[in-house]
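Colleague: sequence first, predicted model second:
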There are 2 protein chains.
Amino acid sequence: MDNLFYLVPAAAALALFFAWYFFHQMMKESEGTVTMKEIAQYVREGAMAYLRQQYRVVVVVFIVLAIFFAILAYGFGIQNTWVPFAFLTGGFFSGLAGFVGMKTATYASARTANATMRSLNSGLKIAFRSGAVMGLTVVGLGLLDISIWWKALDFFVKDADTSHKLVVITTTMLTFGMGASTQALFARVGGGIYTKAADVGADIVGKVEQDIPEDDPRNPATIADNVGDNVGDVAGMGADLYESYCGSILATMALGASAFFGDTAMQMKAILAPMIIAALGVVFSIIGIYAVRTNEGASLQKLLKSLSIGTNLSAVLIGIATFGIFYLVGFENWWQMSLSVLSGLLAGVIIGKVTEYYTSHSYKPTRKLAESAKTGSATVIIGGVGLGMISTAIPVITIAVAIILSFGFATGFSFSTDVLSSGLYGISIAAVGMLSTLGITLATDAYGPIADNAGGNAQMSELDPSVREKTDVLDALGNTTAATGKGFAIGSAALTALALLASYIEEIKIGFGHLAEKGGELADQFVQLSHASIPEIVEKFNITLMNPVVLVGVFIGSMMAFLFCGMTMNSVGRAAQKMVLEVRRQFREIAGILEGKQRPDYTSCVRISTKAAQHEMILPSVLAIIAPVLVGIILGPAGVVGLLAGGLGAGFVLAIFLANSGGAWDNAKKYVEEGNFGGKNSECHKATIVGDTVGDPFKDTSGPSLNILIKLMSMVSIVMAGLTVLIHC
Amino acid sequence: MDNLFYLVPAAAALALFFAWYFFHQMMKESEGTVTMKEIAQYVREGAMAYLRQQYRVVVVVFIVLAIFFAILAYGFGIQNTWVPFAFLTGGFFSGLAGFVGMKTATYASARTANATMRSLNSGLKIAFRSGAVMGLTVVGLGLLDISIWWKALDFFVKDADTSHKLVVITTTMLTFGMGASTQALFARVGGGIYTKAADVGADIVGKVEQDIPEDDPRNPATIADNVGDNVGDVAGMGADLYESYCGSILATMALGASAFFGDTAMQMKAILAPMIIAALGVVFSIIGIYAVRTNEGASLQKLLKSLSIGTNLSAVLIGIATFGIFYLVGFENWWQMSLSVLSGLLAGVIIGKVTEYYTSHSYKPTRKLAESAKTGSATVIIGGVGLGMISTAIPVITIAVAIILSFGFATGFSFSTDVLSSGLYGISIAAVGMLSTLGITLATDAYGPIADNAGGNAQMSELDPSVREKTDVLDALGNTTAATGKGFAIGSAALTALALLASYIEEIKIGFGHLAEKGGELADQFVQLSHASIPEIVEKFNITLMNPVVLVGVFIGSMMAFLFCGMTMNSVGRAAQKMVLEVRRQFREIAGILEGKQRPDYTSCVRISTKAAQHEMILPSVLAIIAPVLVGIILGPAGVVGLLAGGLGAGFVLAIFLANSGGAWDNAKKYVEEGNFGGKNSECHKATIVGDTVGDPFKDTSGPSLNILIKLMSMVSIVMAGLTVLIHC
C-alpha cells in the first residue's frame, strides 16, 4: 500500500510537465504588432518590478520569523527543530508558484489579443491554457513540497514508537503551511492594494471626470491598472489557493495521524488518503482542461458552458474515483468517507452557483441593483451593501450542512466526544475534496485577468474594435468565473481553517511533549497530556463557550476580521487618492495627452501603486501575525480557540458579503452599459460607476485578504502552540 | 435586609413622578405661532398614526406568541405557567414607555423652538427635560414591572425549598424580557425603516436634485422626515434600552439565584444587589438632570460640557454608592464586587469617548474622511467603510477587558470551572452598572431628535433665521450625544447578551425540571440534571468549540447578523426609492410647489413611510424570532449556544462599524458645510451628501437593530429552552 504514495510525486511531476508544456505552446504564438509587444513589455516590467519589491519585504519578514522559530526550537526547545526549514520552503514554493503564474500571464495577454484576431476559440484556448499553467504549477509545487517533506522526515525523524513518529511528522509538516500563509498574506494584501489603487484611480479620473473609456491609452494609470490585474488577481489568488490546497491536505494528514493514534496501519491509510485524492485530482484536472473548447461566434452563455463542462467533468471524475481510493487504501467505512468528500465537493459547486446568482446580471438581484441607480448613487450603494449581506445566507448554510454531513458520515452521525477525532478528520477531508480539482478551477480563475489584459492590450494598441469586442466577450466570461472562483476560495478557506482549528489542539499536545522532554517536576503530567485526547485537552483549558476567556477570544476574533478589512480598505482609499491626484496632474501639466498627441507618463503611476502597496501592506500584515501570538500569550489556548472561531465566523461571512457586493456592483454597471435604464453616459450609468468603484476594494482587496487572515491566524497559533503551552502551564 | 427591596418600587415611583413633573412643566410652555402649532400637529398626527399601525401588527404577534407559550406551558408542561403573562407585561410596559416618550417629544419640539426664541438656555432646558421624561419613564416602568412580578411570584410560587423557589422566580421573571425584546424589535426595525425611508428620500430629491435646504417646507417628505425622528430615534431607542435595562437586571438576578443555590441568604443578597443599584441609579440620574444648565451664547463645546457634567456626576455618584450597597447588603467581597460594577461603568464611558473620537469632526478621522471627498463620492464611501471597521478595535478591546475584569474581581481572578457561576454574576452586574444611570443617559439621547424637530419646526414655520441658528447649535449637540448614546446602547447590549447567554444554561436546567415533573423512566436523571452546575450542563451537551455543532452555530450566528442587516438595509433602500418617486411626482405634477405658492401633499409621504415600515419590518422580525427556535430544534443546546456566541461576536462588531461609519459620514458632511474643502454646494459637498445618505440606514436602521437582534435571539432561546431540552433528551 505504501507504493500508492508514489502516485503523489508522480502527479506533481505530471502537473509540472503540463504546466511547462502549456507555457511552451503559448510562447510559440506571436505577440502581434510592435505596439502590442511594447504594451505587453510595459506591463511585464511593471509587474516584475512590483514583485521584486514585494519579495524584498517578504524576504526580510521570513528571515526575522525563521530566526524567531529557530530560537524557539533550538534555544527554548519548545518547537520542533524542523520548523524553521519547513516554514522557509512553504514560503519559497508559494512565492515560486505566484511568480510562474504571473510571468505566464504577462506573456499571454498580447498573444491572446493577437490570437483573438484569428478566432475567438484561439483566444479562449491561449488565455485558458495560460491560466492552467498557474493552476497546475500551484498543485504541482504543492504536491512536490508535500512529497519531499514526507520522505525527508520519514528518513530523519527517529522515534521508536512508529505511531508517535507519524504524529510528529504530520504535525511538523503542517507548519510549512505557515510559510505558505505568510507569503500569501503579502501577495494578497500587497497585490490587492496595488491593483485597486490603480483601478480606482484610473476610473475616477478617466471614466467619471474625463469621460474616456476603460483602458484608454490616454489615461496615465492604465498600464498600472493592467499590471494590477496580474499582481493582484493572478499572483495573489495563486498564493492564496496554494495555501488552502496544502493547508487542507496537511491538516487532514495531521488529524488522521492523531485520530488513529496507536493503530499504525490505520494511521498510514488516513495519511495517504488525502494525498492520493489530491494526486488523482491532478489527473482529472488535466483531462478537464482538454475538454474546454468552443465554437466560433459562441455566446457568453456557450462559453460559460464550455468552461463548466471542464470543471464539472473533473469534479464528477474525482467524485467517482474517491470511492475507489478509500476502498483501495483499505478504509472499512470507505463509502461513508467518500460521502464526506462528496459533501465538500458539492458545497463548492453550490457556493459557486449561489455566487453566480447574486453577482451575474442574468439574474434578478443584480438587475434590481442596477435599477436602483435610477434614484442615484446613494441608493446603489445601499442596495449593494444589502444584497451582499443577504447573499451570505445560502453559502453559510451550505458550509454548515457540509460540516455536519462530512463529520456525520465519518462517525455514523454520532456527535459525542469519543468520535470527535474521526469526525474532524471527515470535515478536513471534505476540504481536500473541495480543493482536489484546483488544477482546473484555478485555471478558470487565472484566465480572467489574462483576458482582461488582452482587452487592455487591444484597446491600447488601437486594434480594430472588433478585436476588443471579442476580448470583451472573453472578459465578461472572466468576470463570472472570477466571482465563482472567489466564492470557491472563501468556502475552501473556511473548511481549511476549520481543519486547522482542530489541528491546533494536536499542536498543543506536541507542545506538552516538548515540555515533558525538558524534564522537571511536572514532566510526568506533561507526558500524559501529550498523549491526551482532544476532549481531555478541551477540558484541561476549559475551551467551552461559558468560559469568559473563550468569549473574549470570540469578540477579538470577530473584531480582527473587521479591523483587518478596514485597514486594507483605507489603504486602497489613500493610495487611490494619490493616483487620482497624479493623473489629474498629468492631464493638467502635460499638454496634448487628451488629444492623444502626447504619451502620458505611465511609469510614474506604476511607481505610485508599487510604493503604496509596499508601504500599506506592512501594518495589516504584521497585525495579522502578531494578534494570535499576543492572544496566546495573554489569554492562553482557550482565548486562542475563541479568537480562531470568532475570526472564522465573522471573517467568512464578511468575506462573502464583500465579494458579492463588489461583484454585483461591477455587473450592475455592465448591465446599464448594455443599454438598460438609459445606457452608457446616462445618470444611471454614473451612479453605477460609483458602485463599481466602491466595490473594487470590497471584492479584490479586503474580501480576498480575509481568506488569508482566517487561515494565517490558525497557522500562527499552530506554530506558536508550544510557547502558549509553556506560558500557561 | 428584605426592607431594602422597597427602595425599588420607591425609586420606580420617584422616576415616574419626575417624568410626570417634567412633562407637566413642559406642557405649560407656549407652542408659539399658529403655523408652529400646525406643523407640530402634523408631526404629532403622523407619529401617532404610525404608532397605531405598528402596535396593530405587534398586538397580533403578541397574541400568537402568547398562545404558543400557553400551549407549551399548559399543554406540554415544558414551560413555566407564568411565562405567557410575563411575556405580555414585558411587551406592554415597553410599548408604553415608547408611547410616552414619543408623545412627549412631539409636544416638546415646537415648544423648544419657541423657547429658543427667548434664550438658548430655555431651549436646552425644555428639550433636555423632555428627553428626561423618556429616560425616567423607561427606568420607572422597568423597575415597576420588576417590583410587581417579584412580589407577585413570591406570593404565588409554592415551593418547600426556598432556595429552589428563588431560582424559579428569577428565571420566570427573565422571560418577561422576551416580551420587551419582541416589542423593541418591531419598534427599532419599523421605526428605523420609517425614519430613514423619509430621510433618504427627502435628501435625494431635496438636497441633491433640487438644491433646497433640509427641512424646507417645499419638500413634500419633510413632515415624514420629522415624524421619523420621533418614531425611530425616540420610540425605537427607548424600547431598545428598556429591554437592555430590564434584561441586565433580570439576568443578574437569575444568575445570582443560581450561583448561590443552596445558600438562601446569599441568594437573596445576590438578587437584591442589582435591583438596589438600579434604584439608587434613578436618584442619581435625577440629581444629574438638575445639574445640566448652561449660559446664553454658550458654544457647542460648552453645551457638551454641561451635559457631560450631568451624566458624569450621576456615574461618579453611583460608582461611589456601589461600595456602600454591596457592603450594606452584606457581600463578603463587597469591594471586589463594586470593582466589577465599576468595570462596566468605565467601559461605558470609554466606548462613548471612542465613538466621539471617530465620529465627531473635531478629530482627525472624520476630517480626513471629509478631505477624501476631494476625489469624489466613491472615495468617501470607501474611506467611511474603512473608518467604521477600524473604529471597532478599541470598543471591542474595552468590552473584552471589562469582561475579564468583572469576572476576575468576582472570583479573585480564578478562571476555573468551579467559580464560573460567581464570575458570570460579576459580568452581569457590570452590565447593570453600565445601565444604572440610564435615566440621564437616555435623556441626553432622546433630547437629540427633539432639538432636531425644533429646528425643523423653526424652518418650516419660517421663523427668523437666528432661531434656526440656535436650534442648529442644539441639534449639533444632539448629533454628538446620539453617537455616544449609540455606542453606549451597543456596549450595554453586548454585556446584557453575555449575561443572557449564561442564563440560557440556567433555563436548560429549569427545562430538565419540567421534564422531571412529567415523570417517566428518566425522571431521576432529569431531577439530577435540573440541579446540575453550569459545567455539568456544558459537558452534557458538549458545548465546546471542538464540537462541529457549536461551530456550525457560530457560523449561522455570524451570518444572522449580516442577513438581518442586509434585509433592513434593503428595506430602507426600497422604501426610499418609493419616496423619491413620490416626491419627484409632486414636484412635477403639483405646480407652484418649488416657488412656495402651493403646499405639497405631506400626508401622502407620511403614508408611504408608514406603509413601507409596516410592511418591511415583518420579514426580518419574524426571521429573528424563528432562527433561534429552528437552531434549537435542529441542532440542540450546543448549536444554540454557538448561534448566540457567533451572533453576539459578529453582531456587536458589525453594529459598531455601522454606527460609526454612519456618524462619521454625517459629520464629514457638516464639516464641509462649515466651509472646509469648498463648503456648501461644492463638488466636495455633493460627495459628502452621498456618504451621509448611505450612512443613514447604517447608523439609524441596521446598526441599532442589531442590538435588539443579539438580545432577542438570547431571549427567544431562553424561553424556548424547555422545548429544546424536550426534543434533544
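Modeller: Happy to help now that I have it.

Colleague: every contact and neighbour count from this point should use C-alpha atoms.
Modeller: OK.

Colleague: quick one: contacts of stretch A:211-219?
Modeller: Here stretch A:211-219 makes contact (CA atoms under 8 Å, 6 or more residues apart in numbering or on different chains) with A:202-203, A:206-207, A:222, A:456, A:459-461, A:583, A:593-594, A:596, A:599-600.

Colleague: how about those residues, which pair is most distant?
Modeller: Within those, A:Ser461 and A:Val583 form the most distant pair, 20.4 Å apart (CA to CA).

Colleague: who's more crowded, those two?
Modeller: Set A:Ser461 next to A:Val583 and count neighbours by other CA atoms under 10 Å in any protein chain shown: A:Val583 wins out with 25 against 21.

Colleague: is there proximity between the strand or helix carrying that one and chain B?
Modeller: If you go by DSSP states H and E, A:Val583 is part of helix A:548-589. Yes. Using CA under 8 Å from any CA of the partner chain as the criterion, contacts between helix A:548-589 and chain B involve A:548-549, A:551-552, A:554-556, A:558-560, A:562-570, A:573, A:577, A:580.

Colleague: show me what that helix is packed against.
Modeller: helix A:176-202, helix A:602-616, helix A:618-673, helix A:703-719, helix B:377-390, helix B:393-411, helix B:618-673 (3 or more CA pairs under 8 Å, 6 or more residues apart in numbering or on different chains; DSSP states H and E).

Colleague: tell me the mean pLDDT over the first one?
Modeller: Per-residue pLDDT values across helix A:176-202 average out to 91.

Colleague: tell me the helices and strands packed up against the following helix or strand past that helix.
Modeller: Proceeding N to C from helix A:176-202, the next assigned helix or strand is helix A:222-228, under DSSP H and E. If contacts are counted by 3+ CA pairs under 8 Å, 6+ apart, helix A:222-228 sits against helix A:34-70, helix A:176-202, helix A:602-616.

Colleague: could those be laid out in CSV, adding mean neighbour count?
Modeller: What follows is these, written out as CSV (neighbours: other CA atoms under 10 Å in any protein chain shown):
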stretch, mean neighbour count
helix A:34-70, 18
helix A:176-202, 31
helix A:602-616, 23
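
Colleague: contact residues of the stretch 601-729 of chain A facing chain B?
Modeller: So the stretch 601-729 of chain A meets chain B at A:641-642, A:645-646, A:648-650, A:653, A:690-691, A:693-694, A:697 (CA under 8 Å from any CA).

Colleague: grab the two from those residues that are most spread out in space.
Modeller: Across those (CA to CA), the longest gap, 39.8 Å, separates A:Val641 and A:Val690.

Colleague: of those two, who's got more company?
Modeller: Per other CA under 10 Å, whichever of A:Val641 and A:Val690 has more neighbours is A:Val641, with 31 against 28.

Colleague: what's stretch A:377-390 in contact with?
Modeller: Contacts for stretch A:377-390 (CA under 8 Å, 6+ apart): A:358, A:365, A:369-370, A:372-373, A:656-662, A:664-665, A:686-688, A:690-691, B:562-570, B:573, B:577, B:690-691, B:693-694, B:697.

Colleague: could you export that stretch as PDB, CA atoms only?
Modeller: C-alpha atoms of stretch A:377-390 as PDB (Å, rounded to 0.1, in the frame of the first residue of the first chain):
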ATOM      1  CA  SER A 377     -25.500  56.600  -6.400                       C
ATOM      2  CA  ALA A 378     -26.600  56.500  -2.700                       C
ATOM      3  CA  THR A 379     -29.400  54.000  -3.300                       C
ATOM      4  CA  VAL A 380     -27.000  51.900  -5.400                       C
ATOM      5  CA  ILE A 381     -24.500  51.700  -2.500                       C
ATOM      6  CA  ILE A 382     -27.300  51.000   0.000                       C
ATOM      7  CA  GLY A 383     -28.700  48.300  -2.300                       C
ATOM      8  CA  GLY A 384     -25.300  46.700  -3.000                       C
ATOM      9  CA  VAL A 385     -24.500  46.500   0.700                       C
ATOM     10  CA  GLY A 386     -27.900  45.000   1.400                       C
ATOM     11  CA  LEU A 387     -27.600  42.500  -1.500                       C
ATOM     12  CA  GLY A 388     -24.100  41.400  -0.300                       C
ATOM     13  CA  MET A 389     -25.200  40.900   3.200                       C
ATOM     14  CA  ILE A 390     -28.300  38.900   2.200                       C
END
